[in-house]
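K.L.:
how does the following fold in three dimensions:
(chains A and B)
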2 protein chains.
Amino acid sequence: MTVNTHVAADTQAPPITHELARFVAEHPSRGWSDAVEHEAHRTFLNWLGCAIGAARHEAVDAALAAVQMLQPAPQATLAGRPERVDIANAALINGISSHTFDFDDTHLKTIIHPAGPVASAVMALAEQIGSSGRQVIDATVLGIDVACRMGNLVYPQHYDRGWHITGSTGTLGAAAACSRLLGLSAQQTQMALGIAASQPVGLREQFGTMTKPFHPGGAARAGLMAALMAQKGFTSSPRALEAPRGWAQVVSTKYDWNEARDELGQRFEISFNAYKPFACGIVIHPSIDACAQLRDQGVTPEQVQKIELRVHSLVLELTGKKEPQDGLQSKFSVYHGCAAGLIFGRAGEEEFSDAIVRREDVVALRRKVVAVVDDSIREESVVATATLTDGRVVTVHVEHAIGSLERPMTDAHLESKFHDLSDPVLGRARVDQILAACWKLGQAPDLRGVLGLITPA
Amino acid sequence: MTVNTHVAADTQAPPITHELARFVAEHPSRGWSDAVEHEAHRTFLNWLGCAIGAARHEAVDAALAAVQMLQPAPQATLAGRPERVDIANAALINGISSHTFDFDDTHLKTIIHPAGPVASAVMALAEQIGSSGRQVIDATVLGIDVACRMGNLVYPQHYDRGWHITGSTGTLGAAAACSRLLGLSAQQTQMALGIAASQPVGLREQFGTMTKPFHPGGAARAGLMAALMAQKGFTSSPRALEAPRGWAQVVSTKYDWNEARDELGQRFEISFNAYKPFACGIVIHPSIDACAQLRDQGVTPEQVQKIELRVHSLVLELTGKKEPQDGLQSKFSVYHGCAAGLIFGRAGEEEFSDAIVRREDVVALRRKVVAVVDDSIREESVVATATLTDGRVVTVHVEHAIGSLERPMTDAHLESKFHDLSDPVLGRARVDQILAACWKLGQAPDLRGVLGLITPA
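P.N.:
Numbers count the residues shown, from 1 in each chain, chains lettered A, B, ... in the order given. This next block holds a predicted model:
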């Protein structure tokens, strides 16, 4: 089958590879507001909790078993695991574990999960070269800015076409962050971005398989190696991002160059990062939130005859699985999310376990949920209407789900989420120490204060 | 800038991921003609000579310096170098060196250079797990079949769009080959192809930089790791190649599914692999060939008053540089190629060196060459007419240049090319031993007979 589409090449694109490289290399350390600085700490902390929480998952086991075939040098720490591997593979494994529960951060404008590629690469490299906490935060902010700006530039067509935008932009973010950490010049950083541009990682077809969390891991590894190669003199096209046969024009039919340049160094995309209260795709969050609110209003599963969700079409497109058979599938089921919200009032990793997904009362309630597409409802909203067996009708309208930019998780929420994820792996006392170290990361002389705490005894 | 293109998704694609995986896992060892078997040896030999020849290039130095930052385990041999690195990075480095001179094999239907990704991954993995020569040849034939069939499936739109098709299909070929070598089941191989599908490597914008030869290397590494991950239980979409958001529909607007299936196991794409006799773009080859034939007929540079080449317009469009200043520029000069053919009777890497390009007699002869566009002449042909100072006129008509499928390089030609590339690195006596070992690869108990010879003392 051939679909003929003529895509005109834009030969007049501005030199964004050069401009972003100069920005990454030369922007002053901590050259942003206190709010941005605090958001960077929240992003790092949330990422680390997710990585520790999923450290024992079979996806991480399988990837690590493959990496062990390389007999890697014990250079770098793996979150929540006793093994050590080389820095490239540490970036890979931590990237996988941080996204395995689908519980990590989301740049809401683009649905990019930016910390996975960026922080995974940064932590591994920083451990090896002894970077300060200050340098780690700087690299994270700048790397996330590059990934998300490139995402803005091609979103939504790039995502619609089938790219998992977290991995396809993540290589660029990781390369930028590692270039900063290595102290590369603007010209070297430009080469690193170019090398990374040739390695977009991630197809949406993989959603529901282990290869989905592989994407941020693979991107972290590719970006880290791109920066090392540039440091050693490896060359790439200086117009790799914008040329007619460069990254943007190859992976997208939309490319808004201004997104790379507008307010560069003034507006930081990490400001638009959000954190998930629920361990599943973000489009289900309003529905879970609504059902948890029904529960708060006294509605019990036994009373329910039917729950109708009025949702944006994307919700069913991404998470329309009616009868999930296991934990992984349940993350792509708005029906299951709704049932979890009403039964448990929450939807952490536990509520997406095989056992819960197959529990009789959960299955029964899930089957009572009906989703109706209504594109007057936005993606971040839902109208949930419970019809009870006694004839009563209770409606909850969620305009913005908890965890959105309008209703962000508080620092206390983030700590609580971190505990839920990490206490089973490391114990509560240790996790309290990790949290304290994370909040002070920007002042730490190096990462040892964090790294020494995140591996099990 | 936004170009709106609506690309219809094909939801009815046949299950080619499954079919190719079953083929790779289950096709009988040496289940092909003697001609295919011999072509596999030629492909391996040509690839190895290219890798050895470029082993000391600065691109290889830079990539290896980056890899050394990982303190890799000394698992695998690098062609033409004393260092040893882990198998994933050996696949990377050998893939880079094999494509650095742009002198490797070409699947002419798609312009894929298939041995770079496939053989680089196979040799590294085979060394580690002790595969037999028979297994190496089997894996190479099957891996190249997968890469080139997927190339046929998306060519030319995929290439036109800007993908360097060698790297974007190479991950799939390397994953297939390594799956075969590991003895993975059809189901595991399907997962390996899926993991690899998320990692297409290569933008055409990188042509002229070190990142171009990085593409087959990066593809080899990605494919090898994909196979190891699948072996350890890592999962991916079983429809990763054909689904609406899978590989083919994401990276191309053309996808002819039959290319993956027609005559599978009967027609082998390695049969359409060709080898370059000259170290430059293929459109100059007929002119070099013609001038070497003039030399064979006794025409000497001193006798020449003028040489007229009648060529297809593409020849001047791509290689019309009249006065090349250095080695790199000379690869884009049909005039230089013609002079080299007449003076030296050959045009290897040496004849495109700065020193030769600037030599007085070469410059003088180059200036006597005139190229005339004549679109009744095909791209693969040339009519070369030498007018001599004594008034004689000698004409050579090359219908198909040496190295084409119609006039393939003989085994003796390939040996001579191998010597030209490798003797400066390893010495002639050693290279004779390597050639002998390569021709008998299919009968070798393991790769040690080759590997023990390809590193400098």
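
K.L.:
tell me the helices and strands packed up against the host helix or strand of residue A:419.
P.N.:
Element membership for residue A:419 (DSSP states H and E) is helix A:411-426. Judged by 3 or more Cβ pairs under 8 Å, 6 or more residues apart in numbering or on different chains; DSSP states H and E, helix A:411-426 is in contact with helix A:34-53, helix A:428-439. (Each C-beta comes from the backbone N, C-alpha and C, glycine too.)

K.L.:
can you tell me which of the ones you listed is nearest to chain B?
P.N.:
helix A:34-53 (17.6 Å; Cβ to the nearest Cβ).

K.L.:
just the buried residues of the closest one, please?
P.N.:
A:36-37, A:39-53 (16 or more other Cβ atoms under 10 Å in any protein chain shown).

K.L.:
picking that back up, what's the angle between the helix holding residue A:419 and helix A:34-53?
P.N.:
20 degrees (axes from the mean of the first three to the mean of the last three Cα atoms, to 10 degrees).

K.L.:
what residues does helix A:411-426 touch?
P.N.:
Outside helix A:411-426, the residues that touch it by Cβ atoms under 8 Å, 6 or more residues apart in numbering or on different chains are A:42, A:45-46, A:48-50, A:52-56, A:80, A:101, A:103, A:275, A:277, A:348-349, A:409, A:428, A:431, A:434-435, A:453-454, A:456.

K.L.:
phi, psi for the most centrally placed residue in chain A please.
P.N.:
In chain A, the C-alpha nearest the mean C-alpha coordinate belongs to residue A:113, at 2.3 Å (Cα atoms, centre = their mean). The phi/psi pair for residue A:113 (degrees, to the nearest 10) reads phi -100, psi 90.

K.L.:
swap in residue A:199?
P.N.:
phi -130, psi 60.

K.L.:
gap between it and chain B?
P.N.:
6 Å (Cβ to the nearest Cβ, to the nearest Å).

K.L.:
spatially nearest residue to that residue, not counting backbone neighbours?
P.N.:
Spatial nearest neighbour of residue A:199, excluding adjacent residues (Cβ to Cβ, 6 or more residues apart in numbering or on different chains): residue A:222 at 4.3 Å.

K.L.:
so which helix or strand takes in that neighbour?
P.N.:
helix A:211-231.

K.L.:
would the helix or strand following that helix count as contacting chain B?
P.N.:
Downstream of helix A:211-231, the first helix or strand assigned by DSSP H and E is helix A:247-251. Yes - Helix A:247-251 comes into contact with chain B (Cβ under 8 Å from any Cβ of the partner chain), by way of A:247, A:249, A:250.

K.L.:
how distant is helix A:247-251 from the center of its chain?
P.N.:
22 Å (Cα atoms, centre = their mean, to the nearest Å).

K.L.:
the next helix or strand after it vs chain B: in contact?
P.N.:
Per DSSP H and E, helix A:247-251 leads on to helix A:258-261 as the next helix or strand towards the C-terminus. No - using Cβ under 8 Å from any Cβ, helix A:258-261 never reaches chain B; the gap is at least 9.8 Å.

K.L.:
buried set for stretch A:387-401?
P.N.:
For stretch A:387-401, using 16+ other Cβ under 10 Å, the buried residues are A:387, A:388, A:394, A:396, A:398, A:400, A:401.

K.L.:
now do the strands in chain A.
P.N.:
A:76-77, A:84-85, A:106-107, A:273-274, A:304-311, A:369-373, A:382-388, A:393-398 (DSSP state E).

K.L.:
could I have the longest one exported to PDB, CA atoms only?
P.N.:
Put plainly, it is strand A:304-311. The C-alpha trace of strand A:304-311 is given here as PDB (Å, rounded to 0.1, in the frame of the first residue of the first chain):
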ATOM      1  CA  VAL A 304     -23.800   1.100  41.700                       C
ATOM      2  CA  GLN A 305     -25.900   0.000  38.800                       C
ATOM      3  CA  LYS A 306     -24.000   1.900  36.200                       C
ATOM      4  CA  ILE A 307     -21.300   4.600  35.900                       C
ATOM      5  CA  GLU A 308     -21.200   6.700  32.800                       C
ATOM      6  CA  LEU A 309     -18.000   8.600  31.900                       C
ATOM      7  CA  ARG A 310     -18.300  11.400  29.400                       C
ATOM      8  CA  VAL A 311     -14.700  11.700  28.000                       C
END
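
K.L.:
that one to strand A:382-388, inter-axis angle?
P.N.:
170 degrees.

K.L.:
pull up the pairing partners for strand A:304-311, direction included.
P.N.:
The pairing partners recorded for strand A:304-311 under DSSP bridges are strand A:369-373 (parallel), strand A:382-388 (antiparallel).

K.L.:
mind putting these in CSV, mean pLDDT included?
P.N.:
Below are the strands paired with strand A:304-311 laid out as CSV (pLDDT from 0 to 100):
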stretch, mean pLDDT
strand A:369-373, 96
strand A:382-388, 97
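
K.L.:
ok, back up a step: and chain B, which of the buried residues of helix A:34-53 contact it?
P.N.:
Counting by Cβ under 8 Å from any Cβ, no member of the buried residues of helix A:34-53 is near chain B.

K.L.:
and chain A, what are its domains?
P.N.:
A:16-274, A:282-398 (automatic domain parsing).

K.L.:
most tightly packed of those domains?
P.N.:
domain A:16-274 (a mean of 25; mean count of other Cβ atoms under 10 Å in any protein chain shown).

K.L.:
Throw the domains of chain A into a markdown table and include distance to residue B:313, thanks.
P.N.:
Shown next, in a markdown table, are the domains of chain A (distance: least, Cβ to Cβ, whole Å):
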| stretch | distance to residue B:313 |
| --- | --- |
| domain A:16-274 | 22 |
| domain A:282-398 | 48 |
